[in-house]
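**Student:** Next come a sequence and a model predicted from it.
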Amino acid sequence: MREDSYVVIQAFMVNDLHLKGNELIVYATIYGFTQDGNHWFYGTKGYLSEWCGATKGTVGNCLKSLTDKGLLERREKIEQGQVKIEYRATRNVTPPYKICDTPHTNFAPINKIEDKPKRQPKDIDGKRPTIEEVKAYVQERGYHFDPQHFFDYYSASDWKMQNGKPVKSWKQCCVTWERNWAKSNPQPTGRLDGYNFAGRQDTITVTNDAYDWSDYDGIQF
């Protein structure tokens, strides 16, 4: 393809003939050679495929489609014992291809947001649990919060979150409840005032006020 080659796409090809894509390029290329009505396009499919950036098979389909629509004329010539196929562009519109001068008004719009089905929230667990299921899950996971309190809380709110949205996963709510329980019930770390008891086998008795050091008389502070 020469560097100074070009194809002109005219407005009627899009507005009147409603062509697009490869068909538009194929038609515009052939039209450029044959628009005077006297000449025929005898270029190869390979030449058209370079303009379209498509395969010869795709170009062949475009040529057939344009011919069926009445936008291209096709003829066969025999030269030196070989059959050559030539095309000529036409602006004539023949059945079954027909241009409608007035827009259709008897169809339902398909791009209205309100016509699209609303997405339903996913219920990860599939259903609301029974108290037995909650108790079994809490025991299986080794959680510490009261499963009955959990079940009563969400049953009273019709299994909805504080923001009013439905509970998607009651098992995930169990994880949150366990975290909240751990925050409200901190466990002793085994370290106090810089002395580490992690390696001792003794048991520290925890009271509400302080620690009982009766078993640690030999420790000097």
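**Tutor:** Received it, and whenever you're ready, just let me know what you need.
**Student:** then stretch 28-36 to CSV, C-alphas only?
**Tutor:** This file holds the C-alpha atoms of stretch 28-36, laid out as CSV (Å, rounded to 0.1, in the frame of the first residue of the first chain):
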residue,chain,number,x,y,z
ALA,A,28,-15.8,3.4,0.9
THR,A,29,-12.7,1.9,-0.9
ILE,A,30,-14.7,0.5,-3.7
TYR,A,31,-16.8,3.7,-4.0
GLY,A,32,-13.7,5.7,-4.4
PHE,A,33,-12.8,3.8,-7.6
THR,A,34,-16.3,3.5,-9.0
GLN,A,35,-18.2,6.6,-8.0
ASP,A,36,-18.4,7.8,-11.6
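**Student:** For that stretch, what does the pLDDT average out to?
**Tutor:** When pLDDT is averaged over stretch 28-36, the result is 88.
**Student:** buried stuff in it?
**Tutor:** Of the residues in stretch 28-36, 28-34 count as buried by neighbour count, 16 or more other C-beta atoms under 10 Å. Quick note: C-beta positions are derived from backbone N, CA and C, even for glycine.
**Student:** So what does residue 78 look like in phi/psi?
**Tutor:** phi -110, psi 120 (degrees, to the nearest 10).
**Student:** before we move on, what about residue 84?
**Tutor:** For residue 84, the backbone dihedrals (degrees, to the nearest 10) come out as phi -110, psi 140.
**Student:** just checking, it touches residue 75?
**Tutor:** No: with contacts defined as C-beta atoms under 8 Å, residue 84 does not count as touching residue 75, sitting 9.3 Å away.
**Student:** of those two, who's got more company?
**Tutor:** Here residue 84 and residue 75 are compared on neighbour count by other C-beta atoms under 10 Å; more neighbours surround residue 84, at 13 against 10.
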